[in-house]
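1. I would like to see how this sequence folds:
(2 chains)
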Amino acid sequence: DTGVSQDPRHKITKRGQNVTFRCDPISEHNRLYWYRQTLGQGPEFLTYFQNEAQLEKSRLLSDRFSAERPKGSFSTLEIQRTEQGDSAMYLCASSTRSGEPGLAGGLRSLPDTQYFGPGTRLTVL
Amino acid sequence: AQTVTQSQPEMSVQEAETVTLSCTYDTSESDYYLFWYKQPPSRQMILVIRQEAYKQQNATENRFSVNFQKAAKSFSLKISDSQLGDAAMYFCAYSSPSGAGSYQLTFGKGTKLSVIP
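-> Numbers count the residues shown, from 1 in each chain, chains lettered A, B, ... in the order given. Just a heads-up that it's a prediction; the model follows:
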């Protein structure tokens, strides 16, 4: 499977603990995005990377949230000192840049189009 | 700021019939994309169809087609010959390569589609 993958799929933690999620994008995609989705709502944008550069992080929910993409491949999202309100699905997506259609072709590789992973469901007790 | 509105929280359709899901959006950008994503109960978000704003021709993808009305800022999804596997939450989404929040997707609240056998 060459789609976006996320690990873990589920995470249960106690309030105050730190958690880290990993996202592996589609291999030829240079852009990577993080979203949060709460029950009954559409995903909410958090941050995005172009290669290893984090180009937008003002939408991260607080300074407890941080993301990295050190080598321009996989990314991690860390939440420090988790709170019950952090319980949600965390989604990762990736895309290619305009003018760079993906090698796979078809609907899977349209430029400027985000393809999502299965998400990590976080439960904070 | 860009906004996306889906006014139908829930819809239902008989199997093999046609259903249309509504979406309106607001933007001051001239260059943008519109998308419909499907999220089945398993929760993975799947791209259904994409429309570039500069294209007048409505996008189609097998049984899925859109009615893109740029002046009215309307972007509806038509599902023909509905199948049981079409049951899911459908999200309308917007992105633009320019302006504040370049490339980030802005989603509507979704429409839950049920397919009746």
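2. Is residue B:95 in contact with residue B:52, as I believe?
-> No - applying Cβ atoms under 8 Å, one finds residue B:95 not in contact with residue B:52, separated by 10.8 Å. C-beta: built from backbone N, CA, C; applies to glycine.
3. When the two are compared, which one has more neighbours?
-> Neighbours were counted for residue B:95 and for residue B:52 using other Cβ atoms under 10 Å in any protein chain shown; residue B:95 has more, 23 against 14.
4. and the more buried one, what does it touch?
-> Going by Cβ atoms under 8 Å, 6 or more residues apart in numbering or on different chains, residue B:95 touches A:112, A:114, B:32, B:33, B:35, B:103, B:104, B:105, B:106.
5. still on that earlier bit, quick check: neighbours shared by residue B:95 and residue B:52?
-> Between them, residue B:95 and residue B:52 share these contacting residues under Cβ under 8 Å, 6+ apart: residue B:33.
6. Could you identify which of the contacts of residue B:95 has the most neighbours?
-> Highest neighbour count within the contacts of residue B:95, by other Cβ under 10 Å: residue A:114, with 29 neighbours.
7. Distance of that one relative to chain B?
-> Separation of residue A:114 from chain B (Cβ to the nearest Cβ, to the nearest Å): 6 Å.
8. Could you count how many residues lie near the nearest residue to that residue once chain neighbours are set aside?
-> Of all residues not flanking residue A:114 in the chain, residue A:93 sits nearest, at 3.9 Å (Cβ to Cβ, 6 or more residues apart in numbering or on different chains). Neighbours of residue A:93 under the rule other Cβ under 10 Å: 26.
9. Wait, a strand at residue A:93?
-> Yes - counting by DSSP: H, G, I helix; E, B strand; the rest coil, residue A:93 is located in a strand.
10. Once you drop chain neighbours, what's closest to the residue in chain B that chain A sits nearest to?
-> Closest residue of chain B to chain A, Cβ to the nearest Cβ: residue B:107 (3.1 Å). Closest residue to residue B:107 in three dimensions, ignoring its sequence neighbours and counting by Cβ to Cβ, 6+ apart: residue A:42, at 3.1 Å.
11. who are the neighbours in contact with the one you found?
-> Per Cβ under 8 Å, 6+ apart, neighbours of residue A:42: B:4, B:91, B:93, B:107, B:108, B:109, B:110.
12. can you check residue A:23 too?
-> Counted by Cβ under 8 Å, 6+ apart, residue A:23 has contacts A:4, A:5, A:6, A:32, A:34, A:74, A:75, A:76, A:77, A:92, A:94, A:117.
13. Same question for residue A:6.
-> Contacts of residue A:6 (Cβ under 8 Å, 6+ apart): A:21, A:22, A:23, A:24, A:90, A:91, A:92, A:117, A:118, A:119, A:120.
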